[in-house]
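In: Sequence plus predicted model, see below.
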Amino acid sequence: MSDLCSPMIILLEDEADAFWCFERLMRRLRGNFRYTKNSVGVETQLGYLAAVTQVIDPKLHHHFETLGGGNYVFAFRMLMVLFRREFSFCDSLYLWEMMWALEYDPNLFSLYEELGSRTAKAVGSNKGKPKSKRQCGKYERENMKTKSSDAPLPIAVFLVASVLKDKSSKLLHEARGLDDVVKILNDMTGNLDAKKACIGALKLHKKYLRKAKKT
């Protein structure tokens with residue numbers, strides 16, 4: 001969690017401000033850290049990543065399965081610490097701001113509260129007035145266009161998919177085992193472009209929604 005906390009410590013002079021920013025961030029990400037006897041929370045997002053990659057790049061997904069990496073554990077760190085180690089410090093902050101702006105939903109704050117999503121949904125339903133698309137970020141607006149009853153996938157999943165897609169040729173030709181996959185992904189640490197990754201994620205999101213409708 002130090003990867004997630006360090007930007008607040010560096011950017012905010014007041015320790016109390018840094019603490020409360022970190023506390024809210026952890027509320028947003030707490031699902032990734034939940035642990036049960038059967039699973040760790042982030043495994044849900046890894047499952048989403050597998051499903052997305054299977055749709056948008058079946059060849060790469062098949063390659064991972066052949067190597068025994070169909071559970072996508074090699075992408076664990078990217079999702080857990082929100083790409084803090086894959087991007088430079090400045091680029092990771094730029095990426096965070098883009099992610100949260102694109103994913104913005106005016107009702108999202110209520111999901112951070114201790115009472116959980118059931119209460120949040122109940123509060124939202126009592127308002128009687130549907131939220132306007134204009135209030136939401138670009139990514140959230142795209143999700144609102146779909147008729148699917150499934151919960152929208154977090155943009156972080158498509159950001160990882162974008163990184164994998166960008167390195168797909170290298171992964172397909174050079175990865176002969178999971179160690180090779182990890183090495184290839186580790187070698188890109190600090191050398192990724194946040195804006196490029198975000199643009200790629202939005203393109204893959206549209207492609208996924210388009211292909212998912214046909215299946």
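Out: Looks like it arrived, so ask away.

In: pLDDT averaged over the lengthiest helix in the chain, what's the number?
Out: If you go by DSSP state H, the chain has its longest helix at helix 194-214. On average, the pLDDT along helix 194-214 is 87.

In: same check, this time on stretch 19-37
Out: 84.

In: and the longest helix of the chain, which residues are buried?
Out: By neighbour count on 16 or more other C-beta atoms under 10 Å, the buried set for helix 194-214 is 194, 197, 198, 200, 201, 202, 204, 205, 207, 208, 209. Every residue, glycine included, has its C-beta placed from N, CA and C.

In: any chance you could map the helices in the protein?
Out: Under DSSP H, the chain gives helices at 2-11, 15-33, 42-56, 58-66, 76-80, 89-102, 117-126, 138-145, 155-166, 168-174, 178-187, 194-214.

In: Just say which of the ones you listed is most tucked in.
Out: Burial of the helices of the chain is given as mean neighbour count (mean count of other C-beta atoms under 10 Å); helix 155-166 ranks first at a mean of 24.

In: Packing partners of that helix?
Out: The contact analysis (3 or more C-beta pairs under 8 Å, 6 or more residues apart in numbering; DSSP states H and E) places helix 155-166 against helix 42-56, helix 76-80, helix 89-102, helix 194-214.

In: Reformat those as a markdown table; add distance to residue 4.
Out: Putting those into a markdown table (distance: least, C-beta to C-beta, whole Å) gives the following:
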| stretch | distance to residue 4 |
| --- | --- |
| helix 42-56 | 13 |
| helix 76-80 | 9 |
| helix 89-102 | 10 |
| helix 194-214 | 16 |
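
In: Out of the ones you listed, which is closest to residue 134?
Out: Of all those, helix 89-102 sits nearest to residue 134, with 13.9 Å by C-beta to C-beta.
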